[in-house]
Structure formats: structure tokens, C-alpha cells
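Trainee: predicted structure and sequence below. I'll ask about it afterward.
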Amino acid sequence: MSTPILAARGLVVAYSGRTAVDRVDLNVRHAELVALVGPNGAGKSSLLAALAGLGPHTGSVLRCGCTGAQPTPGIAYVPQSPDLRTAFPLSAAQVVATGSLDARRWWRRPDAAQRAAAADAMERLDVADLAHRPFADLSGGQARRVLLARALAQGPKLLLLDEPHAGLDVEAATTLNTALAALAQAGTAVLASVHDLDLVRGAFTRTIVLDRRILADGPTSELLPAVGSLAPWLVA
Ligand SMILES: Nc1ncnc2c1ncn2[C@@H]1O[C@H](COP(=O)(O)OP(=O)(O)OP(=O)(O)O)[C@@H](O)[C@H]1O
């Protein structure tokens, strides 16, 4: 087995002494497409933020073999953030291009390779036609797809996505799943929280069921048929 690109041990997230994520151990390896499922308030967002090196947590997380609280190069995290639009006085294409800028030299213009990566990511998520629109004017679903394209443009080794399908219509959600599957085929690992089990079945090969603690973790094809007895709230 290859070395995990992400390894968490004894991860705990607590807010004012109230435990939201309880002693989570997990590994994610290259090219894995992993769905994180659980009811509202199960701790999915808290876990993803902690895995990205953000938000309060204890326990250990190795990202690309490195520890540290700071976001690690090679890891792209897209939070749920319902309204990031006002934070970006840029066109959609410029927002996507910022994904591949070097944080240490952010003032440099994107080079040809970075512009090509941004254009390719926008094609994959079917948002190329939005390239010149002001990001602030986009609908919620359009803005989400542009932010996902921004993450793809970074050429990440690991994508951490918090409800990436939220607010997308069926066609856009399917396009996203196709883009994620292509990324995984190229070696990128994906861990995404997903509410719709049909979307999980359609693309994700492994499923983790979380309700503060990990209740189950295994191949989607084996786990989902049995999930009714394990976590009835998921199929209610
Ligand atoms: N910043 C915060 N301060 C205090 N409590 C928080 C904070 N963020 C989350 N919580 C609490 O932690 C628990 C887990 O929340 P979290 O958002 O991680 O769950 P989730 O599984 O992502 O939920 P959903 O599916 O509804 O988005 C909830 O009880 C929530 O109220």
C-alpha cells in the first residue's frame, strides 16, 4: 500500500468544550475518491477544516507527509462558505487564476502554464462561458463551480471539498463528479462531504460515515447497501 497523502490520528474538534469531532483516525491515499457522509451537525465541516489545517483541533494530521497547522502546498480546500463573492472584486477567470499563484509571489501575473491550467479547469467544470463575468455578479451555484475550478487549477494532490454539490443542478453536479473522477484517475485524492447518496454512488469509490465519530469506512459498493441498518438517518 502506498503512503497516505493524508493521515489523521486521534483528531478532536471541540467548541467551548463541546465535542464536534471525536477521536477520528483516517487515511486517504493517492487517487482515492472518498465521500464523507453524515447527518446535519455530524462534524463533517469541522473535520474537513481541521484536515486542511484550519480551525481548532487536537490530535495529529500528516498532509503530504508533513505536519503543521499551516495549509500545505498540494492541498486545496474549498469550504462551504455561502457567500465569498463580495471578497473577490475580480472576473471569474481572474478568481480561478489566483488558485495557481505562488502565495510568496502573489503580485506576479499568472504565466502561460497557469493561465492554461485555469482555462482547462473552467472547461472541466463547464464555466468557461463565465470567464469574463464579474465574480460578484454570479449566482450561488455559478460561484461555487468557479471556486471549485480555482481548486482544480492548482493541480492539487489532495482536494478537500465541503459539500461541493450544494446548490448545483443535476447537470452541474454530474459534471463535477466527472471532473472529480478524471482528477482521481490522474492521481489526485479527493475527500468530499456529500449529502445526496445518489451522487456518492455515482462517483465515490469509498465512503466514510461520520457522526462525530467514524461509524463506518469502506468501499461504497459494499457500504451503501448496508447503510440503512447502520445509519438510518442517511436513507430516511
Ligand atoms: N464555529 C463554531 N462554533 C461553535 N460550534 C460550532 C462551530 N462550528 C460548528 N459548530 C458545531 O459543531 C457541530 C458540528 O458542526 P459541523 O458544521 O462541523 O457539522 P456538519 O456535519 O458539517 O453539518 P451540516 O451537514 O449541517 O453542514 C454542530 O453541533 C455545530 O453547531
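Mentor: Yep, that arrived.
Trainee: can we go C-alpha only for contacts and neighbour counts from here?
Mentor: Fine.
Trainee: need the pLDDT of the residue nearest the centre of the chain.
Mentor: Among the residues of the chain, Leu161 comes closest to the average C-alpha position under C-alpha atoms, centre = their mean, at 1.4 Å. In the predicted model, Leu161 carries a pLDDT score of 95.
Trainee: quick check: it touching Ser81?
Mentor: No: Leu161 lies out of contact with Ser81 (C-alpha atoms under 8 Å); the separation is 11.1 Å.
Trainee: which residues of this protein fall in strands?
Mentor: Chain-ordered strands for the chain, with DSSP state E as the definition, fall at 6-15, 18-28, 33-37, 58-63, 75-78, 158-161, 189-193, 206-211, 213-219.
Trainee: now render these as TSV, adding distance to the ligand.
Mentor: Compiled in TSV, the strands of the chain are given as follows (distance: least, C-alpha to the nearest ligand atom, whole Å):
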stretch	distance to the ligand
strand 6-15	5
strand 18-28	5
strand 33-37	8
strand 58-63	15
strand 75-78	13
strand 158-161	11
strand 189-193	8
strand 206-211	8
strand 213-219	11
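Trainee: the ligand contacts on the protein?
Mentor: Contacts of the chain with the ligand, taken as C-alpha under 6 Å from any ligand atom, map to Tyr15, Ala20, Pro39, Asn40, Gly41, Ala42, Gly43, Lys44, Ser45, Ser46.
Trainee: ok, the last one - contacts?
Mentor: Applying C-alpha atoms under 8 Å, 6 or more residues apart in numbering to Ser46 gives the contacts Val13, Ala20, Val21, Gly55.
Trainee: could you flag which of those residues are buried?
Mentor: For the contacts of Ser46, a neighbour count by 16 or more other C-alpha atoms under 10 Å gives the buried set as Val13, Ala20, Val21.
Trainee: make a markdown table out of those and add distance to Leu215.
Mentor: Formatted as a markdown table, the buried ones among the contacts of Ser46 follow (distance: C-alpha to C-alpha, whole Å):
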| residue | distance to Leu215 |
| --- | --- |
| Val13 | 17 |
| Ala20 | 14 |
| Val21 | 12 |
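Trainee: which of the residues you listed sits closest to Ser60?
Mentor: Val13 (11.7 Å; C-alpha to C-alpha).
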